[in-house]
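# show me how the following folds:
(one chain, ligands or ions: 1)
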Amino acid sequence: MKKHDSEKKAIIELLKSSGEDLDRLYREADETRRKYVGDEVYLRGIVEFSNICRNDCLYCGIRKSNRKIVRYLMTPEEILDVAKMMVDTPLNTIVLQSGERPGPQDRILGETIKAIKEHTNLTITLSAGNRDYDTYKYLRDCGMDRYLLRFETSNPLLFETFHKGSTLKERLMCIEHLKNLGVQTGSGFMIGLPGETYETLAENILLCKELDLDMIGIGPFIPHGDTPLKDIGNAYDDKEIFFKALSVLRIFNKEAHIPATTSYDAVFKGQGRKLALKRGANIYMPNITPTKYRKEYQLYPGKPHITDNGEESIKYAISTIGSINRPIGQGPGDSIKKRRKTCQL
Ligand code: SAH
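Next comes the predicted model:
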């Protein structure tokens, strides 16, 4: 049997663990996390700077066809104000996330990145969808350090079903561009998109490994009431699968940064991200979007802290991490791969 096939089989078995085997899976993921990336939990502040999007992804609450939300774009000054607020906090990375809107707006984004670099020593991550090589290069030259772009599902047919007019191949090409540009690259997928099977999930985990990513973000698919998938539930009945996938992901991607994503808290109220940190994750991303915009950026329902401000979200993150006796990471918290490369220079 080829290595890929035998690994896939092993992953599917792990994903079906129960009882003592499941306890062992969680323990092994936690030990792997401790051994390879340490006990520190790095904080990344996420700013959802715009919900304007050209795409109509079937699952997403900010898809172009959703007329129920008010579209917004934060000004460069507003973004810079949030960045300056972070300076006195333990958050050393700002993640700028938005809908996908390529075009003249990218120049303004580039200028905003330059301004953040001038006024702070924050590390900058962008998460704004597909772009061509030259645009990614321009943004990198402006000071962008990292990029997050999930492949969402490794099944090309499912990908095309959920993203009309776009292909998995294009998405993977974007990820290659980013890696070639030396940008720390994150990707990942949703767990339980309609039509997905255990085999798809195993392939998703293996694709992350193959891409040799710096960061991997995954989380449950949560149906949104104002999307075409509103009446279609998650592909799995058993919610435990969301943690099983996270633990297996850690075991197969030992050195990657893996965030405890917000969607875990949407499913497991107040406990999800905490449990994710105990089952393989090592990153926490408090939402620091100005309060007035938060309700317009609901990719899925049940997002916590919709009425909080940045300080409150950060406080909540610090107390969550403290409650499981883990230290907060100091410094930029670059990926292990990047740190190793820097050492060799
Ligand atoms: N426009 C950017 C940012 C996307 S939002 C991009 O395309 O990369 C970040 C992530 O939210 C998406 O990659 C997707 O995996 C997740 N997401 C969107 N809708 C969701 C839903 N209904 N349930 C769970 N996660 C969702």
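# how about the residues of this protein by the ligand?
Contact residues of the chain with respect to the ligand, defined by Cβ under 6 Å from any ligand atom, are listed as 59-60, 97, 99-100, 127-129, 149-150, 152, 190, 219, 221-222, 224, 263, 299-300. Heads up, the C-betas are built off the backbone N, CA and C, glycines and all.
# hmm, residue 128 and residue 98 touching each other?
Yes - contact status for residue 98 versus residue 128: in contact at 4.9 Å, counting by Cβ atoms under 8 Å.
# three-state assignment of the residue nearest the centre of the chain?
Most central residue of the chain, judged by C-alpha distance to the mean C-alpha position with Cα atoms, centre = their mean, is residue 217 at 3.7 Å. Of the three states, residue 217 takes strand according to DSSP: H, G, I helix; E, B strand; the rest coil.
# my guess is it meets residue 190, correct?
No - under the criterion of Cβ under 8 Å, residue 217 makes no contact with residue 190, lying 9.8 Å away.
# what's the next secondary structure element after whatever helix or strand residue 292 lives in?
Using DSSP states H and E, the element containing residue 292 is helix 291-294. Following the chain from helix 291-294 toward its C-terminal end, the next helix or strand by DSSP H and E is helix 310-323.
# quick one on the thing from earlier: shared neighbours of residue 217 and residue 190, which are they?
residue 150 (Cβ atoms under 8 Å, 6 or more residues apart in numbering).
# re the thing from before, for the helix holding residue 292, buried residues please.
When neighbours are counted by 16 or more other Cβ atoms under 10 Å, the buried residues of helix 291-294 are found to be 293-294.
# follow-up on the earlier one: residues in contact with the closest residue in space to the residue nearest to the centre of the chain that isn't next to it in sequence?
Closest residue to residue 217 apart from its sequence neighbours, by Cβ to Cβ, 6 or more residues apart in numbering: residue 188 at 4.0 Å. With contact set as Cβ under 8 Å, 6+ apart, residue 188 has these partners: 148, 150-151, 208, 213, 215-219.
# so of the residues of the chain next to the ligand, which ones are in strands?
Assignment to strands by DSSP state E places the following of the residues of the chain next to the ligand there: 97, 127, 190, 219.
# hey, where'd the strands end up in the stretch 1-150 of the chain?
42-50, 93-98, 123-127, 146-148 (DSSP state E, counting those that start in this stretch).
# let me have those strands in TSV, extended by mean neighbour count.
As requested, the strands of the stretch 1-150 of the chain are exported to TSV (neighbours: other Cβ atoms under 10 Å):
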stretch	mean neighbour count
strand 42-50	24
strand 93-98	23
strand 123-127	22
strand 146-148	26
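# thanks again, I'm all set now.
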